[in-house]
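>>> Coordinates only, no sequence provided:
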């Protein structure tokens, strides 16, 4: 069960395929626009009614751009999500009734845990970001500035409380209307209750990138990345291959599922930066609507990152969890341009790993600053060497195996 943008779905196609290969029957419950993405993995699909792209392009979604801080964006997102989450309850409940185990993303954790608990169906978390409170860093969804050990931990509890609020009404509805329990029973399914119950959570990122905090409770594990599933016969489009073969390795630029107020202005700024750095570019249109013209630029739609990124000189991206992982897997330097929520956290991890120069935040991005970062990422060999080393180490990890072991333990 997962909700959000493409980056909140794609990793679970690889996880689901891996679990299916081990002999289990998998169904992915997520937004209808991602049905083809899930179908390629050869697993079942149940649609959720909300279209995340339409919501981000609505007036409510555009309001996110008016917040300059992670906390401000989170508050606006909470308001938007509370109005939408109720529509997702019926398909989640129907699917749970036919399931032996629920695997729940962080974006649906309060709801999935309540559904599983009320039906006595085992469940576990499968998270793409670290959200459990810790003294070691501030919550990943609100930025990178540390509040000190105690402040970091308190902030973690506060963020989990905010997430609980998003689902409070929906959880009460599930408990009373769908499960026939007293409404007051809803308080047994919040984040504090999950902590007390030591609800198991596997995290889909590498311990090389974020090591498991020493103060995390038992039951919280870092398993390794779940790579999006690409069919064995997947190929780059012919025009992409022709462009790659026509010159030196280009730089990928993409913002994934992020939206921007002025795609034309931003596209022009990105192209100016690439040309100032003397680099060709592959520009992914994405939900931002980026585009570029000229023999040295190629605009693409969805292309498998696993096939494209290894042929890049560097990747410029919004530092979402999935694209960050794809860049690391490819073994090429990154230039993170964080947009919102957990992007600042992942951007900081890239620079700490030595695979990226300092982040260039998308808000107020200027061509000269991005060009300088591109020159550093591509011309300084230390970034390429470190990126290749990290990729080699990630290639030895198996993120599916720990989830499989925990799932089979819960289902036994």
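Received the coordinates, thanks. Bear in mind the structure is a predicted one, so any value in this text is a computation, not a measurement.
>>> Give me the domain ranges for this structure.
6-225+397-411, 238-394 (automatic domain parsing).
>>> and of the ones you listed, who's closest to residue 232?
Minimum separation from residue 232 across the domains of the chain (C-beta to C-beta) falls at domain 6-225+397-411, 10.8 Å. C-beta: built from backbone N, CA, C; applies to glycine.
>>> Which secondary structure elements does the biggest helix by length in the chain sit against?
Looking across the chain with DSSP state H, the single longest helix is helix 148-173. When contacts are defined as 3 or more C-beta pairs under 8 Å, 6 or more residues apart in numbering; DSSP states H and E, helix 148-173 sits against helix 70-84, helix 109-119, helix 191-196.
>>> Next, the buried residues of that helix.
Neighbour counts over helix 148-173 (16 or more other C-beta atoms under 10 Å) mark 152-153, 155-156, 159-160, 162-164, 166-167, 170-173 as buried.
>>> which one of the residues you listed is nearest residue 144?
residue 152 (11.2 Å).
>>> would a markdown table of the domains of the chain with distance to residue 232 be doable?
Output for the domains of the chain, formatted as a markdown table (distance: least, C-beta to C-beta, whole Å):
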| stretch | distance to residue 232 |
| --- | --- |
| domain 6-225+397-411 | 11 |
| domain 238-394 | 12 |
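>>> Could you point out which of those domains sits nearest residue 231?
domain 6-225+397-411 (5.7 Å).
>>> Export the domains of the chain as JSON lines, with columns for mean pLDDT.
Below are those laid out as JSON lines (pLDDT from 0 to 100):
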{"stretch": "domain 6-225+397-411", "mean pLDDT": "86"}
{"stretch": "domain 238-394", "mean pLDDT": "95"}
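>>> so residue 335 is in which element?
For residue 335, the host element (DSSP states H and E) is strand 334-336.
>>> what lines up beside that strand in the sheet?
Sheet partners assigned to strand 334-336 using DSSP bridges are listed as strand 314-317 (parallel).
>>> who touches the helix or strand following the partner strand?
Remark: after strand 314-317, the chain's next helix or strand is helix 321-330, criterion DSSP H and E. With contacts defined as C-beta atoms under 8 Å, 6 or more residues apart in numbering, helix 321-330 is touched by 6-7, 10-11, 128-129, 205-206, 209, 225, 227-228, 254, 256, 305-306, 309-310, 312, 315, 317, 334, 336, 342, 346-347, 349-350, 353, 355, 387, 390-391, 394-395.
>>> what about burial for these, which qualify?
Buried by 16+ other C-beta under 10 Å: 6-7, 10-11, 128-129, 205-206, 209, 225, 227-228, 254, 256, 305-306, 309, 312, 315, 317, 334, 336, 342, 346-347, 349-350, 353, 355, 387, 390-391, 394, out of those.
>>> got the contact list for the residue nearest to residue 103 when sequence neighbours are not counted?
Spatial nearest neighbour of residue 103, excluding adjacent residues (C-beta to C-beta, 6 or more residues apart in numbering): residue 126 at 4.8 Å. Neighbouring residues of residue 126 by C-beta under 8 Å, 6+ apart: 12, 15, 103, 104, 105, 201, 202, 204, 226, 403.
>>> Turn those into a markdown table, including secondary structure.
Converted to a markdown table, these look like this (DSSP: H, G, I helix; E, B strand; the rest coil):
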| residue | secondary structure |
| --- | --- |
| 12 | helix |
| 15 | helix |
| 103 | strand |
| 104 | strand |
| 105 | coil |
| 201 | strand |
| 202 | strand |
| 204 | coil |
| 226 | coil |
| 403 | helix |
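>>> Can I get the buried ones among those residues as something I can paste into PyMOL?
Selecting only the buried members of the contacts of residue 126 in PyMOL, with burial defined as 16+ other C-beta under 10 Å, works like this:
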select buried, resi 12+15+103+104+105+201+202+204+226+403
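>>> Same list (the contacts of residue 126) but as CSV, adding distance to residue 297.
Formatted as CSV, the contacts of residue 126 follow (distance: C-beta to C-beta, whole Å):
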residue, distance to residue 297
12, 32
15, 35
103, 40
104, 41
105, 35
201, 42
202, 40
204, 33
226, 32
403, 40
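>>> Of the contacts of residue 126, which is the nearest to residue 133?
Set against residue 133, the nearest of the contacts of residue 126 by C-beta to C-beta is residue 201 (12.6 Å).
>>> How many residues are close by residue 122?
Residue 122: 17 surrounding residues under other C-beta atoms under 10 Å.
>>> Can you tell me the closest non-neighbouring residue to it?
residue 410 (4.4 Å).
>>> quick one: that neighbour and residue 125 touch, right?
No. If you go by C-beta atoms under 8 Å, residue 410 and residue 125 don't touch, sitting 11.6 Å apart.
>>> Tell me the residues that contact both of those two, please.
residue 200.
>>> Give me the more crowded residue out of the two.
Comparing residue 410 with residue 125 by other C-beta under 10 Å, the one with more neighbours is residue 125, at 24 against 16.
>>> quick one: the more buried one from residue 163, how far?
Residue 125 sits 12 Å away from residue 163, going by C-beta to C-beta, to the nearest Å.
>>> Residue 280 too?
42 Å.
>>> sorry, back to before: roughly how far is the longest helix of the chain from the heart of the chain?
19 Å (C-alpha atoms, centre = their mean, to the nearest Å).
>>> didn't residue 411 look like it was pressed against residue 122?
Yes. Using C-beta under 8 Å, residue 411 is in contact with residue 122, at 6.6 Å.
>>> between those two, what contacts are shared?
Residues touching both residue 411 and residue 122 (C-beta under 8 Å, 6+ apart): 100, 101.
>>> Next up, the contacts around residue 168.
Counted by C-beta under 8 Å, 6+ apart, residue 168 has contacts residue 186.
>>> nope, residue 188 is what I was after
residue 117.
>>> and the gap between it and residue 321?
30 Å.
>>> picking up where we left off before, mind checking what helix or strand follows the strand holding residue 335 in sequence?
Toward the C-terminal end, the helix or strand that comes next after strand 334-336 (DSSP H and E) is helix 343-353.
>>> packing partners for the helix or strand just after that next one?
Using DSSP H and E, the helix or strand that follows helix 343-353 in sequence is helix 367-379. For helix 367-379, the elements it packs on are helix 263-276, strand 314-317, strand 334-336, judged by 3+ C-beta pairs under 8 Å, 6+ apart.
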